[in-house]
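Peer 1: Got a predicted structure here, sequence first:
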Amino acid sequence: PDFKHQFHHLNETAPNFNFSGIFLTHAHIGHYTGLMQLGHEAMGASEVPVFAMPRMKQYLESNGPWSQLVNFNNIAIQPLEADSSIQISEHLKVTPFLVPHRDEYSETVGYRIEGPNKSALFIPDINKWSVWDRSIVEEIAKVDVAFLDATFFDSNELPGRDMSQI
């Protein structure tokens with residue numbers, strides 16, 4: 001992601017926007033590496049709230065170059081707990097929940113986001129709906145909008161990899 005330019009555009013377009021932070025889903029390359037844009041070699045950000053589950057938090061704190069973001073106070077990790085809501089603002093609540101995925105470096109979570117009038121579900125990578133301890137149909141029925149992982153259109157996108165293992 002081109003976070004620096006996206007964030008600048010957001011500030012120009014919505015100058016009164018209150019940036020609450022970044023919510024991480026898991027430690028696979030396309031899901032957290034944008035954090036590098038916050039480092040002193042790029043934006044030189046200060047204390048950007050980064051919401052992370054326990055293993056993800058530990059991963060960031062213990063592995064470079066991510067640990068440098070923590071040590072230089074570019075990011076301020078905000079701990080999350082599965083199925084425990086956090087109030088982002090007076091009108092916005094976010095609840096992380098575990099989803100089954102390849103958890104080599106961290107747990108994987110989706111988020112339920114609740115505002116005063118609408119709610120949304122965000123689920124990143126997931127192994128198979130059938131191995132999740134929840135019904136995706138029931139979870140979708142509880143929200144107004146659902147953003148679900150749809151990364152791969154067909155098996156030709158990853159030649160040589162067994163799609164049933166991804």
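Peer 2: Yep, it's here.

Peer 1: and the residue sitting nearest the centre point of the chain, what are its phi and psi?
Peer 2: Most central in the chain under C-alpha atoms, centre = their mean is L24, positioned 2.7 Å from the mean C-alpha point. Here the main-chain torsion angles of L24 (degrees, to the nearest 10) amount to phi -90, psi 140.

Peer 1: quick one: pLDDT of it?
Peer 2: According to the per-residue confidence, L24 scores 95 in pLDDT.

Peer 1: I'd like the distance between E138 and A120.
Peer 2: 16 Å (C-beta to C-beta, to the nearest Å). In short, each C-beta sits where N, CA and C put it, glycine included.

Peer 1: ok, those two, which is more surrounded?
Peer 2: Neighbour tally, E138 and A120, criterion other C-beta atoms under 10 Å: the higher count belongs to A120, 15 against 8.

Peer 1: hey, where'd the strands end up in the protein?
Peer 2: Taking DSSP state E, the strands of the chain run over residues 22-23, 48-52, 75-79, 86-89, 92-98, 109-114, 119-123, 145-148.

Peer 1: Next, the angle strand 92-98 makes with the second one.
Peer 2: Spelled out, that is strand 48-52. Between strand 48-52 and strand 92-98, the angle formed by their directions is 40 degrees, by axes from the mean of the first three to the mean of the last three C-alpha atoms, to 10 degrees.

Peer 1: in its sheet, what does strand 48-52 sit against?
Peer 2: Each strand paired with strand 48-52, and its direction, by DSSP bridges: strand 22-23 (parallel), strand 75-79 (parallel).

Peer 1: now the protein, which segments are flagged as low pLDDT?
Peer 2: In the prediction, the chain carries residues with pLDDT under 70 at positions 1, 150-153, 165-166.

Peer 1: repeat that with 90
Peer 2: In the predicted model of the chain, residues 1-8, 10-11, 15-20, 26-34, 40-43, 64, 100-105, 124-132, 148-166 satisfy pLDDT under 90.

Peer 1: Which stretches in it count as helices?
Peer 2: 3-13, 54-62, 66-71, 136-141 (DSSP state H).

Peer 1: Make JSON lines from those and add distance to F19 to it.
Peer 2: Formatted as JSON lines, the entries for the helices of the chain read as follows, by distance: least, C-beta to C-beta, whole Å:
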{"stretch": "helix 3-13", "distance to F19": "8"}
{"stretch": "helix 54-62", "distance to F19": "19"}
{"stretch": "helix 66-71", "distance to F19": "17"}
{"stretch": "helix 136-141", "distance to F19": "27"}
